[in-house]
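Participant: below are the sequence and a predicted model for it; my questions follow.
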Amino acid sequence: MCCLFTILVFLGPRFGALFWWLVQPMRWQTTFDTYLVPILGLIFLPWTLLMVVAIAPGLGGIQGFDWVWVGLAFAIDIMSWMGGGYGNRQQMYEYVPAAANPSIMPPTEPPVKPSEAVEQPAAPAAPETPAPTSAPPASTPPSGTGAAG
């Protein structure tokens, strides 16, 4: 167990699980019926895998308070996944911190109700001027139409 603890400290849970699998293969065979579950656990949930292997081969498997230890290991696995996403958020495409983008910031002033709105004085109306017309008056006949009269 001392070597396992040293490997966990310096290399992490995946190397510790691989080392333990090589040193005590019978413990792993009594815990799991197939190789698929340990391989998936090694990839996705290494702390939970180590806790299950440490607890399960006892009498009756995982019972009672043992589930608290498995749940704690699962929480550590989830936190390691979440921590990696939170730590690398600056490298994500189109990530903009809330302080740099005022459109997603909450308003600093409360919205004004319509009854509290202050009415602004109306702007003075511009004087209306008639639009100039370029068409000739209708009373004069057009020239060059050939009309005799």
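Facilitator: Received, thanks.

Participant: helices of the protein, start to end?
Facilitator: Taking DSSP state H as the test, the helices found in the chain are 2-11, 13-23, 25-31, 36-44, 46-55, 66-87.

Participant: now, of these, which is deepest in the fold?
Facilitator: Comparing the helices of the chain by mean neighbour count (mean count of other CB atoms under 10 Å), helix 46-55 comes out on top with a mean of 22. (C-beta placed from N, C-alpha, C; glycine too.)

Participant: ok and that one relative to helix 66-87, angle-wise?
Facilitator: 160 degrees (axes from the mean of the first three to the mean of the last three CA atoms, to 10 degrees).

Participant: now helix 46-55 - C-alpha only, PDB.
Facilitator: Output of helix 46-55 as PDB, limited to C-alpha atoms (Å, rounded to 0.1, in the frame of the first residue of the first chain):
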ATOM      1  CA  PRO A  46     -10.300   6.900 -11.600                       C
ATOM      2  CA  TRP A  47     -10.800   7.900  -7.900                       C
ATOM      3  CA  THR A  48     -14.200   6.100  -7.800                       C
ATOM      4  CA  LEU A  49     -12.600   3.100  -9.400                       C
ATOM      5  CA  LEU A  50      -9.800   3.000  -6.800                       C
ATOM      6  CA  MET A  51     -12.300   3.400  -3.900                       C
ATOM      7  CA  VAL A  52     -14.500   0.600  -5.300                       C
ATOM      8  CA  VAL A  53     -11.500  -1.800  -5.600                       C
ATOM      9  CA  ALA A  54     -10.400  -0.900  -2.100                       C
ATOM     10  CA  ILE A  55     -13.800  -1.500  -0.500                       C
END
